[in-house]
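J.: Sharing a sequence plus its predicted fold:
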Amino acid sequence: MIGSKQRNGLFYEAFEQQAACLVDAAKLLTEMFASVEKAGDLAERIRDLEHKGDKITHDTIARLHKTWITPRLLELIREHSVTLALIDHPWMPPAKDLADKSDWVTADFLYVRLLGDRYAIEERTKVWDKVIIDRSRELADWENVLTRVRKRGEDLFIYINNHYSGHAPETVRAMRTYWERKAAATG
């Protein structure tokens, strides 16, 4: 583990809690296959365990400092050709803070996940057919970061979740528009 002993304790505690959730869910799944008539109730209990696991992850990450990505971490994962996934999420540094920092590409490609805040957006909608949150500013910031990667000729993979803005296909279109404008401007 990288970090202080105090932070390591958070990970071990969360790991044990997550493992307990998985064991409980596996037991319920086994019971579901044995007692099909209880499937509805058991599926609901499994779903509750999934939400409990999400909360464990949420609470653990929220307790960590946003600057956990250190030069030493980047060096370590680069030595082993492990890709650092950059994430647009409330618990992580925003793209505008990444642009002027270290070389984030630690393997032969960069992986970016535009996730958003699941809990916040689900308070506003659970239907993913239109943009709910305008991410124009964030997408422009990401475009600046990602242009640096593309200029170096490295591969780039981007995952966009519906929780990011409310409608992943529209976010993809917006990202493509940014790329096309940048390409036209640089000719």
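T.: Great, that's in hand. Predicted model only: the values in this text are computed from it and were never measured.
J.: in this structure, which spans are helices?
T.: Here the chain has its helices, by DSSP state H, at 5-34, 39-63, 71-79, 95-98, 118-122, 136-151, 162-165, 168-186.
J.: same for the first one, what does it pack against?
T.: Meaning helix 5-34. Contacts defined by 3 or more Cβ pairs under 8 Å, 6 or more residues apart in numbering; DSSP states H and E place helix 5-34 against helix 39-63. (Glycine included, C-beta is placed from N, CA and C.)
J.: just checking, what packs against the helix it packs on?
T.: For helix 39-63, the packing partners by 3+ Cβ pairs under 8 Å, 6+ apart come out as helix 5-34.
J.: got the buried residues for the helix it packs on?
T.: 10, 14, 17, 21, 24-25, 28, 32 (16 or more other Cβ atoms under 10 Å).
J.: what do you get for stretch 135-151?
T.: For stretch 135-151, burial by neighbour count (16+ other Cβ under 10 Å) applies to 135, 138-139, 141-149.
J.: Now do the domain split for the protein, please.
T.: By the assignment in automatic domain parsing, the chain contains the domains 5-63, 71-186.
J.: could you dump those to TSV with mean pLDDT?
T.: Listed next are the domains of the chain as TSV, based on pLDDT from 0 to 100:
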stretch	mean pLDDT
domain 5-63	84
domain 71-186	88
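J.: gap between stretch 69-85 and the chain center?
T.: For stretch 69-85, the separation from the chain centroid amounts to 17 Å (computed by Cα atoms, centre = their mean, to the nearest Å).
J.: Just the CA trace of that stretch, in CSV.
T.: What follows is stretch 69-85 as a C-alpha-only set of coordinates in CSV (Å, rounded to 0.1, in the frame of the first residue of the first chain):
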residue,chain,number,x,y,z
ILE,A,69,-1.7,10.8,-6.7
THR,A,70,2.0,11.5,-5.9
PRO,A,71,5.1,11.5,-8.1
ARG,A,72,6.2,8.3,-6.2
LEU,A,73,2.9,6.6,-7.1
LEU,A,74,3.2,7.6,-10.8
GLU,A,75,6.8,6.4,-10.8
LEU,A,76,5.9,3.1,-9.2
ILE,A,77,3.1,2.3,-11.6
ARG,A,78,5.0,3.5,-14.6
GLU,A,79,7.9,1.1,-13.7
HIS,A,80,5.3,-1.7,-14.0
SER,A,81,3.5,-0.3,-17.1
VAL,A,82,0.3,0.0,-15.1
THR,A,83,-2.2,2.6,-16.4
LEU,A,84,-3.4,5.2,-14.1
ALA,A,85,-7.1,5.8,-14.7
